[in-house]
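*Asks:* give the three-dimensional model of this entry:
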Amino acid sequence: MSAKIKQKQKPMKSEVVRDFVDTYPSAQKVKSELWELLIAAMGSEHADMWDRKQRADKLLMIELLGALVDRFYE
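*Replies:* Numbers count the residues shown, from 1 in each chain. Purely as a prediction, here's the structure:
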């Protein structure tokens, strides 16, 4: 199977970003949802298994995703 055919089967990156932006009305809404998910995760029993580094990694991921989302909406 050629690379060209494989590429047609997958959505292009720009299509994925466009779909994401169309689904969520603003960067602030997305970041708010991310924080709500993080708060829920930190309050769950699963969070009790995380050490300081793992918790910090979760916070960093949310921060980096927030920055990425801001770029989507520029």
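
*Asks:* only C-alpha atoms from now on, for both contacts and neighbour counts.
*Replies:* Noted.

*Asks:* C-terminal to the one helix or strand in the chain whose mean pLDDT sits lowest, which secondary structure element comes first?
*Replies:* The weakest-scoring helix or strand in the chain, judged by mean pLDDT, DSSP states H and E, is helix 3-9 (a mean of 58). Tracing the chain C-terminally past helix 3-9 and defining elements by DSSP states H and E, one meets helix 13-23 next.

*Asks:* residues of that following helix that come out buried?
*Replies:* When neighbours are counted by 16 or more other C-alpha atoms under 10 Å, the buried residues of helix 13-23 are found to be residue 21.

*Asks:* for that helix, C-alpha coordinates in CSV please.
*Replies:* Only the C-alpha atoms of helix 13-23 are listed here, as CSV (Å, rounded to 0.1, in the frame of the first residue of the first chain):
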residue,chain,number,x,y,z
LYS,A,13,-3.5,16.9,11.3
SER,A,14,-5.2,20.2,10.2
GLU,A,15,-8.5,18.3,10.0
VAL,A,16,-8.1,17.0,13.5
VAL,A,17,-7.3,20.4,14.9
ARG,A,18,-10.2,21.9,13.0
ASP,A,19,-12.6,19.3,14.3
PHE,A,20,-11.3,19.9,17.9
VAL,A,21,-11.7,23.7,17.6
ASP,A,22,-15.2,23.3,16.1
THR,A,23,-16.2,21.0,18.9
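
*Asks:* helices or strands next to the helix or strand containing residue 63 in the packing?
*Replies:* In the assignment (DSSP H and E), residue 63 maps to helix 52-72. For helix 52-72, the contact count by 3 or more C-alpha pairs under 8 Å, 6 or more residues apart in numbering; DSSP states H and E identifies helix 27-42 as packing neighbours.
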